[in-house]
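# Please work out how this folds:
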Amino acid sequence: MVKNQGAYDNITKIYDTFAVTSKSRYVYVYDIENDMAKWSDNAVSYFGLPGEYVYRADKVWEVHVHPEDRATYREHLKTAFEGKRVNPTFEYRAKNKNGEYVACSCRGVVIKDYSGKAAFYACSLINKGIVDNTDPITGLANHYEMFNYMHKLESEREKYILLLVNVIDFGDINRLYGYMFGNRMLKLMAEWLQNEGGEKGHVYRGEGTILGLCTVQMDLDEVTALYQQMRKFVRQNMQIGPNRVSAELGGGVIVVDEVGIDVHAVYTSAKYALAHSKTEKHGNLIIFHNNELEFNKSTIELVGAVRESVINHYRGFYLNYQPIISKNDGKLCGAEVLLRWKMDPYGDVSPSEFVPWLEQDSTFYRLGNWILDKAMKDGLKILKKHPNFYLSINLAYVQLERSEFRTTILELLRINRFPGTALCIELSNVSRDINFDYLKSQVIFLKSCGIRIALDVVDFTTLDLATRLPINIIKLGPEITENIGKNPLSRYMAEAITGFAANMNMSICATGVESADTEHRLFKYPVDLYQGYYYSRPVVFEEFENLPLYNN
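Sure, this is the predicted structure:
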């Protein structure tokens, strides 16, 4: 600190002359020559900055700026620092500590030294996501305000219950009747929930078409009864203009009766319960409680720990690689990328225990981008030895549906100088609730980048997608291959699926090959690629490079 004492004193004096504090306004002063900035405390907390004084400030903050906005952001600062006339106010999106991008309005002035050179940049940053905290459709406070309220309850060590509800087929309603109709329906539901539950709780508009109720006055029985009444209302009594609408409601509820549980983990768990209610339980209320065997506090704590790892620079996450073998010559031609997480006191945790939950959280998109980036960096090393090698990476629909996805993947390919032809995107667990036309447009875009598309097929229902999407590779699931020697149905399915793919000019990758017998039985089918424990278990990159298959 002594070395930079002069810069420290200067920046402090300037900062103290105009710093203000509020929930949504952040102030910083940037020392251009020393690349140091001082930020207000609320900014440090909200954006997860390393401290009040930030060194190498230019690079540290640019990571928070949305990739689509970075070029505009840098051009504005460059022009301002050169002393040229610019609009003092400009807008861009910045990422907070939870991985959420918020719209910010930035108003800054350049302070010059005695020679006329730009010396300091003093800026006031307004978080428009916090300022605009009311949903215009329902008139309810939005989910950011819900987080604020939950944080308040947590700090006061107050017990509370969070209920999330949503219509099971809201997408179908929008497609059939239009979005204006859907908005009126959502407003009607919000009014009902406010009238029936507003006196004993706070009602919010969540993400998408989710409605939420957070209460400290109602017990679980009362919340359950309220949900059943709302379910009946949505089924029978919704009058919108001349139309009477009937719909099915889904609901998830979480009882927070112990302190120390992260509010974002609470919300993510409630969203998972809601999704489970909609897709698996036909709208029956799913309850998370300490006494429940399947949905309990330890699960929520695990989700919170995994979520915190994403925010904390992906600590505990690592990738495994499982070889994909060519049938023609038995040589290595690719690898599937598999996510792993290890952290005390949890140990090694299977992704199946946290990924379905984390998909409901805003941090999941960041994690998916980290997987792509890390895999590309490793893949470049493999391509030097195996030029025709490709990486196969699972992508969830929640990643594909993000508006910035196309820009993100193009940026990752560019930064890593990774060829699109060496990348394969696997689609798995594609449900009927997705917007199929949007999925198709994303698949076509990926193929235009040279990226291959694989589809995990475990039954004829998923195979139907292959008739409507431009698929390159059909991955025959282990549910079929593992039983091909015992179960006649598995043999019939293997024959039908591989025959279909061959006729459609698609490659076949048989997964779950665990023995020489399984491999031998698959020889009779038009399979092109093999993957399974018979060749290698998934291993970390350093072990992958030492496999005999890799060096053959």
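# use CA for all of it now, contacts and neighbours both
OK.
# What strand or helix carries the residue lying closest to Met146 once chain neighbours are set aside?
Once flanking residues are discounted, Met146 sits nearest to Tyr204: 6.5 Å by Cα to Cα, 6 or more residues apart in numbering. In this assignment (DSSP states H and E), Tyr204 forms part of strand 202-205.
# now for that strand, which elements pack on it?
strand 141-142, helix 143-155, helix 179-197, strand 211-215 (3 or more Cα pairs under 8 Å, 6 or more residues apart in numbering; DSSP states H and E).
# repeat that with 6 Å
Counting contacts by 3 or more Cα pairs under 6 Å, 6 or more residues apart in numbering; DSSP states H and E, strand 202-205 packs against strand 141-142, strand 211-215.
# Now render these as JSON lines, adding distance to Asn429 and mean pLDDT.
Formatted as JSON lines, these follow (distance: least, Cα to Cα, whole Å; pLDDT from 0 to 100):
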{"stretch": "strand 141-142", "distance to Asn429": "30", "mean pLDDT": "88"}
{"stretch": "strand 211-215", "distance to Asn429": "26", "mean pLDDT": "95"}
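# Would you mind saying which of those lies nearest Asn166?
Checking the helices and strands packed on strand 202-205 against Asn166 by Cα to Cα gives strand 211-215 as the closest, at 6.4 Å.
# Neighbouring strands of that closest one in the sheet, and parallel or not?
The strands that strand 211-215 pairs with in its sheet are strand 160-167 (antiparallel), strand 202-205 (antiparallel) (by DSSP bridges).
# quick one: contacts of it?
Outside strand 211-215, the residues within contact range by Cα atoms under 6 Å, 6 or more residues apart in numbering are 160-165, 201-205.
# relative to helix 143-155, how tilted is it?
Here the directions of strand 211-215 and helix 143-155 differ by 20 degrees (axes from the mean of the first three to the mean of the last three Cα atoms, to 10 degrees).
# What average pLDDT does the helix or strand following strand 211-215 get?
Once the chain leaves strand 211-215, the next helix or strand it forms, by DSSP H and E, is helix 220-236. Helix 220-236 comes out with an average pLDDT of 92.
# just how off-centre is helix 220-236 within its chain?
30 Å (Cα atoms, centre = their mean, to the nearest Å).
# With stretch 436-447 instead?
Here stretch 436-447 is found 18 Å from its chain centre; the criterion is Cα atoms, centre = their mean.
# Can you point out the buried residues in it?
Of all the residues in stretch 436-447, those buried under the rule 16 or more other Cα atoms under 10 Å are 439, 442-444, 446-447.
# Ile254 - nearest residue in space that isn't next to it in sequence?
Distances taken as Cα to Cα, 6+ apart place Phe288 nearest to Ile254, at 4.6 Å, with adjacent residues excluded.
# Near that neighbour, how many other residues are there?
25 (other Cα atoms under 10 Å).
# That one and Gly252 touch, don't they?
No: between Phe288 and Gly252 there is no contact under Cα atoms under 6 Å: 7.9 Å.
# before we move on, back to that, need the helices and strands packed on strand 202-205 in a markdown table (columns: mean neighbour count).
Converted to a markdown table, those look like this (neighbours: other Cα atoms under 10 Å):
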| stretch | mean neighbour count |
| --- | --- |
| strand 141-142 | 20 |
| strand 211-215 | 24 |
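# Show me the strands in the stretch 301-450 of the chain, by range?
317-326, 332-343, 347-349, 390-395, 423-427 (DSSP state E, counting those that start in this stretch).
# Of those strands, which is nearest Thr209?
It's strand 390-395; of these, that one is closest to Thr209 (Cα to Cα) at 23.6 Å.
# strand partners of that closest one, parallel vs antiparallel please.
With DSSP bridges as the test, strand 390-395 is paired with strand 332-343 (parallel), strand 423-427 (parallel).
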